[in-house]
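Student: Sequence first, then the predicted structure:
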Amino acid sequence: MSRYFLHGFGWMVMLLLFGCQSDVPVKDQLVDFREPTNRDFKKQLEFIRQALEKYPEKAELYYQKALINFEIEKYNQALRDIDDALELDTRPEKYTFFKGKVLYQKGALQEALKELHKVENTEFDDFELYQFIGVIYHQLGKEDQALTYLQKANNFVPGLPNVLYALGAIYLKKKEKEKARKFLFEAIKSEPTYTEAYIQLIQYYQEELLPQKALEVADTAVRLCKQDAFLYSSVGKTLSLLNKPDSAKYWFDKAVKLEEGLWEASENLAEYHRKRKNYLLAEGYLKSAVEKNTDLSAPCFKLGFLYEYYLRDLKKAQEMYGMALKRDLENEEYQTAINRIERKIRFSASEARNRARQSAFRSAIRDTVQLLPTPLRTIEIDEE
């Protein structure tokens, strides 16, 4: 997402303090999205602190303080600052919009959506409002609402890479693949190093069973984009579809080096080593995925399967299946696996008891035979 900041920060604040000391509200304006020219945030915050000592009722000062704290990723403080601004002046819609943006960055999607909708249908009319609302709906899985707002954003300012990418991702999820391809290509044309757009386009060709086309896109992405674990994993998956397991392993390895436990890459590496009977290596990749992906159930299940059928550790298999079910309570396959492993454990315990009884019986016979006179020691013991 683009960043907020105001160029000529010191000049603006001076105007605010000395040219706008009346009760007339400071003119609302959107902060520029470009990178700031002055990044000495510590001095800027100190300047505002001193200004607030003289003018504690100036809402705009709290707003500018919130902008700086947002820029340096102190989102909790930015939220407190913007709330202070809103307590002093609820009229500027930009304050409410900015609060929605801060909440979004904190991951409070529903709260962010509530604030952003307050600004809708007011004089505050800007493409990023629609973009934010659309992206949030997309992340909440409400694709129809997301499309409505993202299309508004695209109509407002056509050709924005983030909006084009989001539209492509949504259409791909909705299986409207030609529309997805169109928007993803437009996003890449607008921003040739847009890694996420390349990844979605690779996925498009994978789903269309066109791995060679996917590989062509991947080749361009690897040359133009920065290192990215998800991109490398997509390359690995493409090479797997082309039946090139060793080449695929190379890219999956690069992916997990950048992001340990990345599930798609870890799963494929575990499968690669399992097929080659390198079970301990497979275990290592799956254990890492379990630890790093605490919201995913599949790594637990896959590790449980490896323990059950290849490493022959029923207790660990039971533990992993149980963890998978805790992460996905409605998965019937996981419950079936737990029932199966519990039967195996009970049978194994029963077999162990039988073997123990047989061993004790044979030992008793041996002891008895040893007590007989030597000529009578002709009893044969069945070792079966």
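Tutor: Structure's in. What do you need?
Student: List the residues that contact the spatially most central residue of the chain.
Tutor: To find the centre residue of the chain, average its C-alpha atoms and take the closest one (Cα atoms, centre = their mean): that gives residue 293, at 9.0 Å. For residue 293, the set of contacting residues under the criterion of Cβ atoms under 8 Å, 6 or more residues apart in numbering consists of 261, 263, 299. Heads up, the C-betas are built off the backbone N, CA and C, glycines and all.
Student: any idea how far residue 326 is from the last one?
Tutor: By that I understand residue 299. Relative to residue 326, residue 299 is positioned 13 Å away (Cβ to Cβ, to the nearest Å).
Student: quick one: low-confidence ranges for the chain?
Tutor: By pLDDT under 70, the weakly predicted segments of the chain are 1-39, 349-354, 356-357, 360-361, 364-365, 367-384.
Student: rewinding a little: which of residue 299 and residue 326 has more neighbours?
Tutor: Remark: of residue 299 and residue 326, residue 299 carries more neighbours, 27 against 11, as counted by other Cβ atoms under 10 Å.
Student: What's the first helix or strand after the helix or strand harbouring that one?
Tutor: Using DSSP states H and E, the element containing residue 299 is helix 298-309. Later in the chain than helix 298-309, the nearest helix or strand by DSSP H and E is helix 314-327.
Student: CA atoms only: put that next one into CSV for me.
Tutor: Extracted as CSV, the C-alpha positions of helix 314-327 are listed here (Å, rounded to 0.1, in the frame of the first residue of the first chain):
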residue,chain,number,x,y,z
LEU,A,314,2.5,-44.5,16.6
LYS,A,315,2.6,-42.2,19.7
LYS,A,316,4.0,-39.3,17.7
ALA,A,317,1.6,-40.0,14.9
GLN,A,318,-1.3,-39.8,17.4
GLU,A,319,0.1,-36.5,18.7
MET,A,320,0.3,-35.0,15.2
TYR,A,321,-3.2,-36.1,14.2
GLY,A,322,-4.5,-34.7,17.4
MET,A,323,-2.8,-31.4,16.7
ALA,A,324,-4.2,-31.3,13.2
LEU,A,325,-7.7,-31.9,14.5
LYS,A,326,-7.3,-29.0,17.1
ARG,A,327,-6.4,-26.7,14.2
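Student: For that helix, list every residue counted as buried.
Tutor: 314, 316-325, 327 (16 or more other Cβ atoms under 10 Å).
Student: Rebuild these as JSON lines, extending it with distance to residue 251.
Tutor: JSON lines is the format used below for the buried residues of helix 314-327 (distance: Cβ to Cβ, whole Å):
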{"residue": "314", "distance to residue 251": "35"}
{"residue": "316", "distance to residue 251": "30"}
{"residue": "317", "distance to residue 251": "30"}
{"residue": "318", "distance to residue 251": "34"}
{"residue": "319", "distance to residue 251": "32"}
{"residue": "320", "distance to residue 251": "27"}
{"residue": "321", "distance to residue 251": "31"}
{"residue": "322", "distance to residue 251": "33"}
{"residue": "323", "distance to residue 251": "29"}
{"residue": "324", "distance to residue 251": "27"}
{"residue": "325", "distance to residue 251": "32"}
{"residue": "327", "distance to residue 251": "28"}
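Student: Could you export the contacts of residue 293 as TSV, including distance to residue 126?
Tutor: Conversion of these to TSV gives the following (distance: Cβ to Cβ, whole Å):
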residue	distance to residue 126
261	39
263	37
299	42
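Student: which of these lies closest to residue 135?
Tutor: Ranked by distance to residue 135 (Cβ to Cβ), the contacts of residue 293 are led by residue 263 at 23.1 Å.
Student: any idea how far residue 215 is from that closest one?
Tutor: Residue 263 sits 22 Å away from residue 215, going by Cβ to Cβ.
Student: Report the separation between the residue nearest to the centre of the chain and residue 323.
Tutor: Using Cβ to Cβ, one gets 12 Å for the distance from residue 293 to residue 323.
Student: sorry, back to before: residue 335 versus the residue nearest to the centre of the chain, what's the distance?
Tutor: Using Cβ to Cβ, we find residue 293 at a distance of 21 Å from residue 335.
Student: do residue 278 as well
Tutor: 30 Å.
Student: hmm, back to that, which strands or helices does the helix holding residue 299 pack on?
Tutor: helix 263-275, helix 279-292, helix 314-327, helix 332-371 (3 or more Cβ pairs under 8 Å, 6 or more residues apart in numbering; DSSP states H and E).
Student: In contact with residue 132: list those residues for me.
Tutor: So residue 132 contacts 1, 100-101, 104, 112, 116 (Cβ under 8 Å, 6+ apart).
Student: are any of the residues you listed buried, and which?
Tutor: Burial by neighbour count, 16+ other Cβ under 10 Å: within the contacts of residue 132 this picks out 100-101, 104, 112, 116.
Student: Out of those, flag the one nearest to residue 65.
Tutor: Of all the buried ones among the contacts of residue 132, the one with the least separation from residue 65 (Cβ to Cβ) is residue 101, at 15.1 Å.
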